[in-house]
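A.B. asks: Quick one, what's the 3D model for this:
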Amino acid sequence: MSLRSRGSAEGAVSVSAFAYLYSELVQYHQGRVASISELERRLENSGYGVGFRVLELLTLRSKEYKREIRLMSILQFVSAAVWKSLFGKSADSLERSIDNADEYMIVDYEPITSTFVSVPSDLGQLSCDSFVSGIIAGVLEGSGFPARVTAHTVPMEEGEYMSKISAGNTALLQRKDKAVFLVKFSKEVLERDAALDR
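C.D. replies: Have a look, this model is predicted:
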């Protein structure tokens with residue numbers, strides 16, 4: 001079910017097919033909205049159902065799956081297993097917010113949903129990665145961890161950019177932005193996780 005660029009892999013979808021379908025999805029919703037935030041919300045809603053189905057598929061296929069009950073465990077599941085099944089690789093990093101204890105960030109340096117999309121100037125700050133934030137929200141909600149997930153396009157810092165290139169990732173030469181998915185958990189999730197620590 002992951003994406004592939006060339007060759008044949010069992011259950012993989014070609015990147016060009018995904019890019020075409022995703023482009024059509026964005027254009028479909030774009031013609032039916034009046035604002036950028038409404039378009040992002042519709043993309044999130046489209047991804048939300050996908051997230052539920054991905055969770056179901058991964059749990060049915062896994063012979064050793066156990067229900068995650070800890071906050072960090074579910075985030076690691078999303079950033080590793082879910083990401084790998086969808087994009088063929090793990091997320092680049094999982095970070096906890098310094099300012100807020102209820103916020104975590106999943107970082108992807110090569111988000112497939114914005115790789116082949118050029119945002120027109122009249123749409124300004126549109127984040128086409130909102131679809132992926134909907135997928136994350138669907139997986140978390142289906143796992144019993146309700147959260148608000150938003151997608152943000154953030155410029156890469158100079159050192160961060162160069163370290164990824166020196167690590168052999170030459171595809172980043174043309175990309176200067178990364179996708180940051182901000183996960184803000186609901187209060188009851190934090191209370192439940194704190195109770196498990198006692």
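
A.B. asks: next one: the one helix or strand residue 76 maps to to chain centre, how far?
C.D. replies: For residue 76, the host element (DSSP states H and E) is helix 71-77. The chain centroid and the centroid of helix 71-77 are separated by 14 Å, computed with Cα atoms, centre = their mean, to the nearest Å.

A.B. asks: and if you look at stretch 37-57?
C.D. replies: Worked out by Cα atoms, centre = their mean, stretch 37-57 lies 10 Å from the chain centre.

A.B. asks: Can you pull out the residues in contact with it?
C.D. replies: 1, 25-26, 29-30, 32-33, 82, 85-86, 123, 126-128, 130-143, 149, 151 (Cβ atoms under 8 Å, 6 or more residues apart in numbering). All C-beta atoms are positioned from the backbone trio N, CA, C, and that covers glycine.

A.B. asks: Would you write out the PyMOL command that picks the buried residues out of the residues you listed?
C.D. replies: Those of these that count as buried under 16 or more other Cβ atoms under 10 Å are selected in PyMOL with:
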select buried, resi 25+26+29+30+82+86+126+127+128+130+131+132+133+134+135+136+137+138+139+140+141+142+143+149+151
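
A.B. asks: Show only the entries of the contacts of stretch 37-57 found in helices.
C.D. replies: 25-26, 29-30, 85-86, 130-142 (DSSP state H).

A.B. asks: Give me the most central residue, this structure.
C.D. replies: residue 132 (3.9 Å; Cα atoms, centre = their mean).

A.B. asks: so how far is residue 185 from residue 100?
C.D. replies: Remark: distance between residue 100 and residue 185 (Cβ to Cβ, to the nearest Å) = 10 Å.

A.B. asks: Between these two, which has more neighbouring residues?
C.D. replies: residue 185 (23 against 11; other Cβ atoms under 10 Å).

A.B. asks: quick one: the more buried one from residue 45, how far?
C.D. replies: Taking Cβ to Cβ, one finds residue 185 at 20 Å from residue 45.

A.B. asks: Next: residue 148.
C.D. replies: From residue 148 to residue 45 the distance is 13 Å (Cβ to Cβ).
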